[in-house]
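1. Attaching a predicted model along with its sequence, questions to come.
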Amino acid sequence: MDENRWLTDLKERADQTIFRDVQFTASMEEGVRQRVRPGTRWMTGWRKLAMPSVVLTMGLLLWFGLPIQEERQSAQHEMRPPHGQTQVPSLLPGGQIVEADLWKLSPYLSSTYDNQSFSYLGEKPVRIMTDQDGFFEGQTQRVIWLLNGDYASKVEIAAYNTEGTRLSLGSYEVMDPLYDAEGHFPSGIVLPEPGKWKLEIRSGGKHLGQIFVVVKKGIAPANRQLVGPVIQQFLEKESDKLEWLGKFREINVELLAVEAPDAAKRTVYAWVKITGSHSSALSAPMVFQIVYNGNAYRVTDFQMPEDGSNYQSSLQKLFPPKVLEQVNHRSKAK
C-alpha cells in the first residue's frame, strides 16, 4: 500500500472518531508520512498491528496541533479595534449594554371608582392628579396627591432632579379619602429647571413613595391662555408710558417666558409691537407683573429697557439670562 493510499485510509478512520471535525493540515500530514514511510523499524511486517498506533499518532498530532490553531484564532478575535473606534463589550445579545432606567417617568393612567372616571400619574401608594399638559419650568402646577398604605397625618414633599438639586416643597396635612385613595391633599408645585424630576413623599421621616415627571421648556398652555388676553387689554388702554401712541393701537404680543411662583402672581417677559395713530410705532421687549386681585388677573406694572447708552445695562437688569438670549436673538431678527 503506497503512502497516499495509507494516509487516505487513516483519514477515513479518523473521520469516524472524535477527530472528524478537525482539519488535517499539511504539516500534520507530513508528520504521519515520516512515521509510515517504508524502511522504518516499527512498520516492518507489522502493518496490521501498527494501524492503531498510527491512528493514535495522527490523533496526537492533531490534538497537539489543535490548541495552536485555537490560540491563533483567539488572538485574532482579541485584536484591538483600529485607533479611534470604541470596542463595545458583548455583555448582552448584540453587544449592547443596557443600563437600568432609575428615572423612568411615571405612567399616566385612568381608572373608574364609584362610576366616576379619573386620571393620574404614578402607582400606589403615591399618585398625583394634575393637568395633562404637564410641568413647565418656573410655573406653578396644581397637583392633588392620592395616598394609600401606612402614612402619618402629615407628610413632607421634596423634589430631586438628575443634576443633584434638591428642593423642599413643604409639609401637608392629609385629608379624607378621594376616589380609591385612602387619603389626599392638594398642593402647588414649582420646578425651576427643565428635565427629569423625582417628587418624593416622606411620612414620619420614612419614605412612602415617589413620582417621576418631566419638566418642559417654554410656557404652559394654561399660562398662555391666561396672560395673553390680560396683557392685550392692558396695552390697549395704557395711558401713562404709551400715551404718545394714541388711542387706536394695533398690538402684537410675542410671549417669551413666564415665571409663576404661585397661583396669584405672574412675571411675563414678552416682545411687543404696537402700531398707533399718526404712523407712530413701538417694537421692544417688556416685562409685565400680573396679580390676581380677588376677582380677576390684571397687570399691575410693566417696564421697558431705557433708550440710548443705557439700553444694554437696563436690559440685563430686567431680563434673566435665559430670557435675555431670546431677546438678543429677537433683536437681531427684527
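-> Good, I have the coordinates.
2. where does the stretch 51-200 of the chain dip in pLDDT?
-> Counting by pLDDT under 70, the stretch 51-200 of the chain has low-confidence residues at 51-101.
3. so where do the strands sit in it?
-> 108-113, 116-123, 126-130, 135-136, 141-147, 154-161, 166-173, 183-189, 195-203 (DSSP state E, counting those that start in this stretch).
4. Next up, phi/psi of residue 245, please.
-> Dihedral pair for residue 245: phi -80, psi -10, per degrees, to the nearest 10.
5. What's the separation between it and residue 230?
-> Separation of residue 245 from residue 230 (Cβ to Cβ, to the nearest Å): 19 Å. The C-beta positions use only the backbone N, C-alpha and C, and glycine is treated the same way.
6. What of residue 170?
-> Counting by Cβ to Cβ - residue 170 and residue 230 are separated by 28 Å.
7. higher neighbour count, those two?
-> residue 230 (17 against 12; other Cβ atoms under 10 Å).
8. surely the more buried one meets residue 293?
-> No - assessed by Cβ atoms under 8 Å, residue 230 is found out of contact with residue 293, at 11.4 Å.
9. quick check: mean pLDDT across the helix or strand hosting residue 233?
-> Using DSSP states H and E, the element containing residue 233 is helix 221-237. What helix 221-237 shows for mean pLDDT is 95.
10. Next: stretch 308-328.
-> Mean pLDDT, stretch 308-328: 91.
11. hmm, who's touching it?
-> With contacts defined as Cβ atoms under 8 Å, 6 or more residues apart in numbering, stretch 308-328 is touched by 256-257, 269, 271, 285, 287, 303, 305-306.
12. Could you pick out the buried ones from these?
-> With burial judged by 16 or more other Cβ atoms under 10 Å, the buried subset of those is 256-257, 269, 271, 285, 287, 305.
13. how about TSV for those, with distance to residue 124 and secondary structure added?
-> TSV is the format used below for the buried ones among the contacts of stretch 308-328 (distance: Cβ to Cβ, whole Å; DSSP: H, G, I helix; E, B strand; the rest coil):
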residue	distance to residue 124	secondary structure
256	40	strand
257	37	strand
269	40	strand
271	46	strand
285	47	strand
287	44	strand
305	52	coil
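14. Between all of those, which two are separated the most?
-> Greatest spatial distance among the buried ones among the contacts of stretch 308-328 (Cβ to Cβ): 257 and 305, at 15.8 Å.
15. Would you map the helices across the protein?
-> Along the chain, the stretches classed as helices by DSSP state H are 3-14, 26-36, 47-77, 221-237, 311-318, 321-333.
16. Just the CA trace of the shortest one, in CSV.
-> Extracted in CSV, the C-alpha atoms of helix 311-318 (Å, rounded to 0.1, in the frame of the first residue of the first chain):
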residue,chain,number,x,y,z
TYR,A,311,-30.2,100.2,26.8
GLN,A,312,-27.9,97.2,27.3
SER,A,313,-27.4,97.7,31.1
SER,A,314,-31.2,98.2,31.7
LEU,A,315,-31.9,95.1,29.5
GLN,A,316,-29.7,93.0,31.7
LYS,A,317,-31.4,94.2,34.9
LEU,A,318,-34.9,93.4,33.6
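17. buried stuff in it?
-> Neighbour count says helix 311-318 has 315, 318 buried, by 16+ other Cβ under 10 Å.
18. can you check the fourth one too?
-> Neighbour counts using 16+ other Cβ under 10 Å place 222-223, 226-227, 230-231, 234-235 of helix 221-237 among the buried residues.
19. swap in stretch 290-309?
-> So for stretch 290-309, counting by 16+ other Cβ under 10 Å, buried means 290, 297, 299, 302, 304-305.
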